[in-house]
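Colleague: Following is a predicted model, sequence given first.
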Amino acid sequence: MSTASAATTLPAESIDSYRRNGYLHVAGVLDAAEVAEAHDAAIALSSTMASRRYKGEPFTQLVNCWQHDERLRALTLDPRIAGLAETLAGVPLRLWHDQTLIKQPQRSTATEFHLDAPYWPHAGGRHWLTAWVALVDVPVERGCMTFLPGSHVDGDFVSVDLENATALFDALPHLRWWPRVTVPLRAGDLTFHHGLTAHAATPNLTDEPRVAHAVIYMDADTRYSGTRHVVADPLGLEPESPFAHELFPRVPGDSRLTP
């Protein structure tokens, strides 16, 4: 990927906004050629790589794509995105995993409000964040995200059913009337969100797939909690051990790393 597109630095007010609200929209990080390359790679990979299944499958979820496609590898390890992530987190980070998320046209369902970090087998983490990169235009009708600004601050930690519209609010009633901000994206835009920021995505009601690529980061000194997870299970990690494995490189990453 080139380094010619979007700003790779952030003004102080953007950093403050992320830390206060738990999410940030950054426009135009990828140029049109980069979007097209990553989009085509994601679509191609979706026909050869098994999706991680979740009940009614509100989306196609391909995990650790960077291990299977060089074009998505370049996106996952893009030092521009990683550099922005470390700036926002304010601590050293490493890759947790990536995932390509595709909501098929006219037949996907909503991804209901949830927090990300409680699903992960992490001990000692505090600064998780996800870069969610739009590889097509994502208006509300195609499945953009809605955030509850500032919901990460209390440190609530609960995992819920992604297809139950009231599950998070039943577990955390104080969030039920929280203000909501919906963020449509142009292709090449991205959002960052904290692992404890409540968020949801609408179904794809359009005639085109909604294609996004998410890069998930964790504190560099995060330890393995021992909880089962599709990424960690095959690796034989010991509980409380660091994520010292080539699947979890420090970032900003070196795109020359081999799988």
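Modeller: Happy to help now that I have it. Numbers count the residues shown, from 1 in each chain.

Colleague: so what pLDDT did the nearest residue to residue 188 once chain neighbours are set aside get?
Modeller: What sits nearest to residue 188 in space, not counting adjacent residues and going by C-beta to C-beta, 6 or more residues apart in numbering, is residue 30, at 4.0 Å. C-betas here are computed from N, CA, C, even on glycine. For residue 30, the model assigns a pLDDT of 97.

Colleague: what's the neighbour count on residue 30?
Modeller: 27 (other C-beta atoms under 10 Å).

Colleague: Looks like it contacts residue 81 (just checking).
Modeller: No - taking contacts as C-beta atoms under 8 Å, residue 30 lies outside contact range of residue 81: 9.1 Å.

Colleague: Now the common contact residues for the two.
Modeller: 75, 133, 190 (C-beta atoms under 8 Å, 6 or more residues apart in numbering).

Colleague: List buried residues within those.
Modeller: Buried by 16 or more other C-beta atoms under 10 Å: 75, 133, 190, out of these.

Colleague: Sort out for me which of those are in strands.
Modeller: Counted as lying in strands by DSSP state E, out of these, are 133, 190.

Colleague: Can I get the buried ones among the shared contacts of residue 30 and residue 81 in TSV including pLDDT and distance to residue 222?
Modeller: Formatted as TSV, these follow (pLDDT from 0 to 100; distance: C-beta to C-beta, whole Å):
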residue	pLDDT	distance to residue 222
75	98	22
133	98	22
190	98	22
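
Colleague: Now do the helices in the stretch 51-200 of the chain.
Modeller: Secondary structure of the stretch 51-200 of the chain (DSSP state H, counting those that start in this stretch): helices at 70-76, 79-89, 167-171.

Colleague: List the contacts of the longest one.
Modeller: Right, the one you point to is helix 79-89. Contacts to helix 79-89, defined as C-beta under 8 Å, 6+ apart, come from residues 3, 6, 8-10, 15, 18-19, 24, 26, 29, 75, 92-93, 127, 129, 131, 133, 190, 192, 215, 217, 219, 251-253, 255.

Colleague: Thanks a lot, see you next time.
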